[in-house]
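Trainee: need a structure here:
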Amino acid sequence: MKAIVNVDNNWGIGIGDKLLNHIPADMKFFKETTTGNTVVMGRATFMTFPGPRALPNRKNIVLTTDKSWNAPDVTVCHSVGELLDLLEGCDTDSVFVIGGSMVYEQLLPYCNTAYVTKVDSAKPADKFFPDLDKTDEWEIESEGEKSEHNGVEFRFVTYKRLKGGV
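Mentor: Model prediction:
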């Protein structure tokens, strides 16, 4: 599996049910990278989508403990084990973990790549992604040039897992 995330300088990803940053180039990268693939998210993340409805042109899987929850065009899993069973035999390189923070924490051990948009800002946050720079399990594979949107610099960074994980 792969993770895809937008973080600030403190690895913050959101506050309440809102993303910290809205950068058109990041949204374009997300769409281009995940279209035609499988996206895995928590219920709270799904509920922030317009509608809320499934992301088009992707298989949407929602991880939730709520046994009664469902949505059109969404496969629901109630545990990591159930998700892994569902993905057995699938090409997990086409599976993208897209949030939120609890789902990232649960599934990052199963990921071998993380696409991280690093935004050079620090905003109040209550949701975080694990800081990959503070672990010896991950290293930067590639780092794009700095870009800017509304005065805020950002860059695309790809991390690869070195060791550890499940």
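
Trainee: pLDDT below threshold where in the chain?
Mentor: Applying pLDDT under 70 to the chain flags the ranges 164-166.

Trainee: which strands or helices does the longest strand along it pack on?
Mentor: Under DSSP state E, the strand in the chain containing the largest number of residues is strand 152-161. With contacts defined as 3 or more C-beta pairs under 8 Å, 6 or more residues apart in numbering; DSSP states H and E, strand 152-161 has these neighbours: helix 24-34, strand 113-119, strand 138-143, strand 147-149. The way it works is simple: take the backbone N, C-alpha and C, and place the C-beta from them, glycine included.

Trainee: residue 73 contacts residue 52, correct?
Mentor: No - between residue 73 and residue 52 there is no contact under C-beta atoms under 8 Å: 11.2 Å.

Trainee: check contacts around the residue positioned nearest the centre of the chain.
Mentor: Central residue of the chain (C-alpha atoms, centre = their mean): residue 98, 2.5 Å from the mean position. By C-beta atoms under 8 Å, 6 or more residues apart in numbering, residue 98 lies in contact with 3-5, 30, 34, 39-41, 45.

Trainee: before we move on, the earlier item: buried stuff in the longest strand of the chain?
Mentor: 154, 156-157, 159, 161 (16 or more other C-beta atoms under 10 Å).

Trainee: farthest pair in these?
Mentor: Greatest spatial distance in the buried residues of strand 152-161: 154 and 161, 23.0 Å, computed using C-beta to C-beta.

Trainee: just to revisit the earlier point, pairing partners for the longest strand of the chain, with directions?
Mentor: Sheet pairing of strand 152-161 (DSSP bridges) gives strand 113-119 (antiparallel), strand 138-143 (antiparallel), strand 147-149 (antiparallel).

Trainee: hang on, the earlier thing: out of the contacts of residue 98, which is nearest to residue 148?
Mentor: Checking those one by one against residue 148 (C-beta to C-beta), the nearest turns out to be residue 30, at 18.4 Å.

Trainee: quick check: closest non-adjacent residue to the closest one.
Mentor: Of all residues beyond its chain neighbours, the one nearest residue 30 is residue 4 (6.2 Å), with distances taken as C-beta to C-beta, 6 or more residues apart in numbering.

Trainee: may I have the beta-bridge partners of the one you found?
Mentor: Listed by DSSP bridges, the beta-bridge partners for residue 4 are residue 115.

Trainee: can you give me the neighbour number for it?
Mentor: Neighbour count of residue 4, defined by other C-beta atoms under 10 Å: 21.

Trainee: surely it meets residue 96?
Mentor: Yes - counting by C-beta under 8 Å, residue 4 touches residue 96, with 5.2 Å between them.
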